[in-house]
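Engineer: this one's structure only:
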């Protein structure tokens, strides 16, 4: 299978790999997927409390190249977004950007889930009502 | 990472042709292009003679009579012919077949078809090394059992089954014994007759011969076995397999068998050293590397390893510009199911997803292995740096205690 240049670049030079202190109040952590399925993503956001914007994002992913690239790309996009804008990131945007083949669309779905899960964690910690977002079925 | 040529460590998928094989085949595309079934002109006679000679070369490799070799298009066809052909031929005697969960799809899917045709098939479990449970096998035999089908050596793990003991059980109960020996023929000396195997499928392209040609050994004496043809036509191959013979392919198959007879012992010795070097180096330089299958009962050129908390397909992407091999993680398939063979050994799905199969071959060099050791080590370290579950493991988190969101 031939992968796009962008995908290969994110795979070989993943952006924002790392771990944040999940006990911090302004850090939201999303852990999605399962080892049995061959994909686990952990995506974390750090929210600037004054502006309500995401000032940093980190990830670690166990999975195939597409899963790693999808989560790397997601962290790039998240930085500087408001929480609401982050919630609006659609997995199909990731599919387009990385030119994911059909069998790898689930990797983008997982990245979207990871974003939503990290935001929900942040909102719960901070007593913000978690918005019911449309859960992408998979 | 730059390497002059791609390193090929996927010889269980297919081997390159030995140049000596190709040289032998070429005249049979041009001046010697006859149909081996043309009985009334020299083109036909030359072709027939070449086929007879190749049949001898192949029969010699496995110590059978050349009349017992039925040419097919490959091992898949030979497996189908053996299973369905026996089922049809012996249906008055019974309709029950016994096989293993770790067989190749050519056997498993043929068995599924036989079930639809009114057959009964028992798919036996294997132990954690992949070995058949001989007691369970014997217990599964009923008065309706006509055939036991067990592969000689497994394509994914290289595991070699206790064929002689299985043969004795089949003999004792008067049941035919068939084996898919695709991975072992031309790699290790085997003798189906002395082992009690009555039908045996194998192919040229796993032993440095061409693709598109295989064979089924069918015992002619003690017992005389017959299979019902699965393709109707000119009655070639003693009526068991119609169709114009692939003369160049068969010539190449014969040459490959002749070379194997002479060289397989030296190949096996050299490759087992390289395989052990690869395995020992990887296991010494990294933690949490596991050998899948049996270390003891194993083909000399195969190593199936799991690198814990690293996903196999992603790992392969770190070096697949340089090294070709395969993974038990079937992340490319829509099902997302990892290797059913590894799962049958009782490996958790996570370890099955973390597996790579290295299969060395005649043209593998020590340089290839040295390069591979470096590339795999770098790749695993890269992937572990990225892996959240590796991080949890290093922090002492019990991964099994986490409630994962299945998807």
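Structural biologist: That came through fine. Values in this document were obtained by computation on a predicted structure and should not be read as measured data.
Engineer: Would you mind listing what in chain A touches chain B?
Structural biologist: Residues of chain A lying close to chain B (Cβ under 8 Å from any Cβ of the partner chain) are A:1, A:3, A:11-12, A:14, A:17, A:19, A:31-42, A:60-65, A:67-68, A:103, A:106, A:109-110, A:113, A:138. C-beta coordinates here come from the backbone N, C-alpha and C atoms, glycine included.
Engineer: Show me the strands in the chain, by range?
Structural biologist: No chain in the question, so chain A it is. Along chain A, counting by DSSP state E, strands occupy A:27-34, A:39-48, A:53-62.
Engineer: wrong chain, I was asking about chain B
Structural biologist: Taking DSSP E, the strands of chain B run over residues B:7-8, B:69-72, B:96-100, B:120-124, B:145-149, B:176-180, B:199-203, B:214-218, B:289-291, B:302-307, B:323-324, B:326-327, B:355-359.
Engineer: Give the pairing partners of the third one; include direction for each.
Structural biologist: Which is strand B:96-100. Partners of strand B:96-100 in the sheet, by DSSP bridges, are strand B:120-124 (parallel), strand B:145-149 (parallel).
Engineer: contacts for it?
Structural biologist: For strand B:96-100, contacts defined as Cβ atoms under 8 Å, 6 or more residues apart in numbering or on different chains pick out B:83, B:86-87, B:107-108, B:111, B:114, B:119-124, B:126, B:132, B:137, B:140-142, B:144-151.
Engineer: just for chain A, where's the confidence low?
Structural biologist: Confidence mapping of chain A against pLDDT under 70 gives the ranges A:1, A:132-138.
Engineer: Take the strands paired with strand B:96-100 and write them to CSV, including distance to residue A:96.
Structural biologist: As requested, the strands paired with strand B:96-100 are exported to CSV (distance: least, Cβ to Cβ, whole Å):
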stretch, distance to residue A:96
strand B:120-124, 44
strand B:145-149, 48
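Engineer: most packed of those strands?
Structural biologist: Ranked by mean neighbour count, the strands paired with strand B:96-100 are led by strand B:145-149 with a mean of 24 (mean count of other Cβ atoms under 10 Å in any protein chain shown).
Engineer: Can you give the distance of that strand from its chain's centre?
Structural biologist: In terms of Cα atoms, centre = their mean, to the nearest Å, the centre of strand B:145-149 is found 20 Å from the chain centre.
Engineer: Other residues contacting it?
Structural biologist: Contacts to strand B:145-149, defined as Cβ under 8 Å, 6+ apart, come from residues B:82-83, B:86-87, B:90-91, B:93-99, B:103, B:107, B:111, B:137, B:141, B:166, B:169-170, B:173, B:175-180.
Engineer: what angle sits between it and strand B:199-203?
Structural biologist: Interaxial angle, strand B:145-149 versus strand B:199-203 (axes from the mean of the first three to the mean of the last three Cα atoms, to 10 degrees): 30 degrees.
Engineer: circling back: in ChimeraX, select just the buried ones from the contacts of strand B:145-149.
Structural biologist: Typed into ChimeraX, the line below selects the buried ones among the contacts of strand B:145-149, using 16 or more other Cβ atoms under 10 Å in any protein chain shown:
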select /B:82,83,86,87,90,94,95,96,97,98,99,103,107,111,137,141,166,169,170,175,176,177,178,179,180
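Engineer: worst-scoring helix or strand of chain B, pLDDT-wise?
Structural biologist: Lowest by mean pLDDT, DSSP states H and E among the helices and strands of chain B is helix B:349-353, with a mean of 85.
Engineer: Counting by contacts, list what it packs against.
Structural biologist: Contact partners of helix B:349-353 among helices and strands, from 3 or more Cβ pairs under 8 Å, 6 or more residues apart in numbering or on different chains; DSSP states H and E: helix B:340-344.
Engineer: Can you get me the centre-to-centre distance for the helix it packs on and its chain?
Structural biologist: On the basis of Cα atoms, centre = their mean, helix B:340-344 sits 15 Å off its chain's mean C-alpha point.
Engineer: average pLDDT across it?
Structural biologist: Average pLDDT, helix B:340-344: 93.
Engineer: Give me the contact list for it.
Structural biologist: Residues outside helix B:340-344 that contact it (Cβ under 8 Å, 6+ apart) are B:101-102, B:125-126, B:130, B:154-157, B:292, B:304, B:328, B:349, B:351-352, B:355.
Engineer: In that helix, which residues are buried?
Structural biologist: Buried, per 16+ other Cβ under 10 Å, within helix B:340-344: B:340, B:341, B:342, B:343, B:344.
Engineer: any chance of those in TSV, plus distance to residue B:74?
Structural biologist: Converted to TSV, the buried residues of helix B:340-344 look like this (distance: Cβ to Cβ, whole Å):
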residue	distance to residue B:74
B:340	21
B:341	20
B:342	25
B:343	26
B:344	24
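Engineer: If we only consider the residues you listed, which is nearest to chain A?
Structural biologist: Lowest distance from chain A to the buried residues of helix B:340-344 (Cβ to the nearest Cβ) belongs to residue B:343, with 10.3 Å.
Engineer: For residue 31, which residues are in contact?
Structural biologist: Using chain A. Residue A:31 is in contact with A:40, A:41, A:42, A:114, A:117, B:388, B:402, counting by Cβ under 8 Å, 6+ apart.
Engineer: from the residues you listed, which two are the most distant?
Structural biologist: Within these, A:114 and B:402 form the most distant pair, 15.0 Å apart (Cβ to Cβ).
Engineer: With neighbour numbers in mind, choose between the two.
Structural biologist: residue A:114 (27 against 14; other Cβ atoms under 10 Å in any protein chain shown).
Engineer: Could you tell me which residues make contact with the residue nearest to the more buried one when sequence neighbours are not counted?
Structural biologist: Leaving aside its chain neighbours, residue A:114 sits nearest to residue A:43 (3.9 Å; criterion: Cβ to Cβ, 6 or more residues apart in numbering or on different chains). Neighbour list for residue A:43: A:29-30, A:32, A:57-59, A:71, A:74-75, A:111, A:114-115, A:117-118 [criterion: Cβ under 8 Å, 6+ apart].
Engineer: By neighbours, which of those residues wins?
Structural biologist: Compared across these, residue A:71 has the highest neighbour count, 35 neighbours, by other Cβ under 10 Å.
Engineer: That residue reaches residue A:62, doesn't it?
Structural biologist: No - using Cβ atoms under 8 Å, residue A:71 makes no contact with residue A:62, being 10.3 Å away.
Engineer: Quickly list what's touching both of these two.
Structural biologist: Shared contacts of residue A:71 and residue A:62, defined by Cβ under 8 Å, 6+ apart, comprise residue A:41.
Engineer: who are the neighbours in contact with residue B:326?
Structural biologist: Each residue near residue B:326 by Cβ under 8 Å, 6+ apart is listed here: B:10, B:12, B:13, B:356, B:357.
Engineer: Could you identify the most distant pair in the residues you listed?
Structural biologist: By the measure Cβ to Cβ, B:13 and B:356 form the most distant pair in the contacts of residue B:326, at 13.1 Å.
Engineer: what bits of the stretch 301-407 of chain B have low per-residue confidence?
Structural biologist: B:330-336, B:406-407.
Engineer: which of the contacts of residue A:31 lies closest to residue B:242?
Structural biologist: Of these, the one sitting nearest to residue B:242 (Cβ to Cβ) turns out to be residue A:40, at 52.9 Å.
Engineer: now the helices for chain A?
Structural biologist: Remark: helices assigned in chain A by DSSP state H are A:5-12, A:65-78, A:83-87, A:91-98, A:105-125.
Engineer: Of those, which is nearest residue B:193?
Structural biologist: With Cβ to Cβ, the closest approach to residue B:193 among the helices of chain A belongs to helix A:65-78: 48.6 Å.
Engineer: State the number of residues packed around the closest residue to residue B:167 other than its chain neighbours.
Structural biologist: Spatial nearest neighbour of residue B:167, chain neighbours left out: residue B:196 (2.3 Å); criterion: Cβ to Cβ, 6+ apart. Counted with other Cβ under 10 Å, the neighbours of residue B:196 add up to 19.
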